[in-house]
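Peer 1: What shape does this take:
(one chain, ligands or ions: 2)
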Amino acid sequence: MEQLGAPLGDLALDRALFDRAVQVRNRTVGDRVHLRGLIELSNRCRKNCLYCGIRCGNGAVERYELTDRQVLAAAQYAWQAGYGSVVIQAGERTDEAFIGRIERLLHAIKEMSQGELGITLSLGEQTLETYHRWFETGAHRYLLRIESSDPTLYARLHPADHSYHERRECLTRLRETGYQVGTGVMIGLPFQTIETLADDLLFFQQLDIDMCGMGPYIEFPGTPLADFPSAFTRPERLQLALRMIALLRLLMPDLNIASTTALHALHPKGRELGIAAGANVMMPNLTPDTVRGNYRLYDNKPLQDMDLSGFNVALDNTWGDSRHFAARKAAASSSDASDK
Ligand code: 5AD
Ligand code: SF4
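Peer 2: Ligands and ions are numbered 1, 2, ... in the order given. Modelled structure (predicted):
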């Protein structure tokens, strides 16, 4: 873990670390970059996280909801382009109208793509029953960031009625339900230190997660957290985020690790740098342009799409499932067999 705390200007050391991570990635999960088409369904959210641009307390943001037709058109684009899977992301809602709508959309996407398109959900904290309903309807992966694995830091990033314990429970529920589970953290938060980041990596390992998405924290003007300084400049956060990706690749070689859009917000080639540091998943944004500007979690969210030239991109509609998940499943069923 020494590398994480190495002087932030030490580029030669970083290069050696990133090259090593890429080697390990290529040997373990291959050199293909998997794409997930990102569909930002709605920016309505019942939560009020202190760092987020679409927190319910932000009255300045125009709220939107994609129509079913828009969602299906985006999913169809992903399918026809050979992406293999989509991620449906939205602010958190737990009302029956929302839960039922997600079910209907899952049905419709499965039907439209003849069952071919994989579907990942990123819809926040839900009950075990809701997670079950969506899983039964065809979602097979779920992303829920822990934001920080340090309960004390988590409490400083959220209002008093948001619970670290509940978030942690949700990750357990997702695992129990049968999803491939992804989590992640923000990097360069106020009050965050190199030690808490190192602990985040150990937390991922302890939870035995299948997927990870981490990105630099970027102040959103007007949010409560934007008043507090980070210990790291923006270039340092970018560098730390790349180190976190590389170190996680070395720690958990068969994980699916995303190169996130927040990297791109800090550097025009941010996502490409993420792949070159050991990530193997990218999430091109398929949200229609008309509403995309309203889905701003942080300032400076990139609106343009990425340059995929130079990568071995999977465009054959494979799901690109987490190898880590497959390995865990195989280990579980062989120990079941030997129990008998
Ligand atoms: N900077 C970086 N990432 C952010 N997110 C929310 N607000 C910010 C911000 N200001 C991330 C959180 C959340 C994900 C959907 O977006 O990690 O889980
Ligand atoms: Fe809502 Fe997620 Fe933003 Fe929190 S981080 S306010 S849960 S969209």
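Peer 1: Every contact and neighbour count from this point should use C-alpha atoms.
Peer 2: Will do.
Peer 1: and Val33, what are its bridge partners?
Peer 2: Beta-bridge pairing for Val33 (DSSP bridges): Val313.
Peer 1: And it, how far from Ala75?
Peer 2: Distance, Val33 to Ala75, using CA to CA, to the nearest Å: 19 Å.
Peer 1: same deal with Arg63?
Peer 2: In this structure, Arg63 and Ala75 are 22 Å apart, going by CA to CA.
Peer 1: quick one, which of these two is more surrounded?
Peer 2: Set Arg63 next to Ala75 and count neighbours by other CA atoms under 10 Å: Ala75 wins out with 30 against 15.
Peer 1: What's the per-residue pLDDT of the more buried one here?
Peer 2: According to the prediction, Ala75 has pLDDT 95.
Peer 1: Contact partners for it?
Peer 2: Contacts here follow CA atoms under 8 Å, 6 or more residues apart in numbering; on that basis Ala75 touches 37, 86, 109.
Peer 1: Looking at these, state which has the most neighbours.
Peer 2: Val86 (27 neighbours).
Peer 1: Surely that one forms part of a strand?
Peer 2: Yes - Val86: assigned to a strand according to DSSP: H, G, I helix; E, B strand; the rest coil.
Peer 1: right, and it touches Glu116 too?
Peer 2: No - applying CA atoms under 8 Å as the test, Val86 and Glu116 come out as separate, 11.0 Å apart.
Peer 1: Run the chain-centre distance for the helix or strand of the chain with the lowest mean pLDDT.
Peer 2: Within the chain, confidence by mean pLDDT, DSSP states H and E is lowest for helix 289-292 among all helices and strands, at a mean of 71. The chain centroid and the centroid of helix 289-292 are separated by 21 Å under CA atoms, centre = their mean, to the nearest Å.
Peer 1: Could you pull out the strands in the stretch 101-250 of the chain for me?
Peer 2: For the stretch 101-250 of the chain, the strands defined by DSSP state E, counting those that start in this stretch cover 118-122, 141-143, 180-183, 186-187, 211-216.
Peer 1: now the third one: mean pLDDT?
Peer 2: Per-residue confidence for strand 180-183 averages out to 98 on the pLDDT scale.
Peer 1: and it, what does it pack onto?
Peer 2: Packed against strand 180-183 by the contact rule (3 or more CA pairs under 8 Å, 6 or more residues apart in numbering; DSSP states H and E) you find strand 141-143, helix 164-177, strand 211-216.
Peer 1: Which residue does the stretch 51-200 of the chain have closest to ligand 1?
Peer 2: Cys52 (3.8 Å; CA to the nearest ligand atom).
Peer 1: shouldn't that residue be in contact with Thr223?
Peer 2: Yes - counting by CA under 8 Å, Cys52 does reach Thr223; the two are 6.8 Å apart.
Peer 1: Compare those two (neighbour count), which wins?
Peer 2: Comparing Cys52 with Thr223 by other CA under 10 Å, the one with more neighbours is Cys52, at 27 against 19.
Peer 1: Quick check: the gap between the residue nearest the centre of the chain and Ala108.
Peer 2: Nearest residue to the geometric centre of the chain (CA atoms, centre = their mean): Gly213, 3.7 Å. Separation of Gly213 from Ala108 (CA to CA): 27 Å.
Peer 1: cool, Asp200 as well?
Peer 2: Taking CA to CA, one finds Asp200 at 37 Å from Ala108.
Peer 1: Comparing these two, which shows the higher neighbour count?
Peer 2: Neighbour totals were compared for Asp200 and Ala108, and Asp200 leads with 22 against 17 (other CA under 10 Å).
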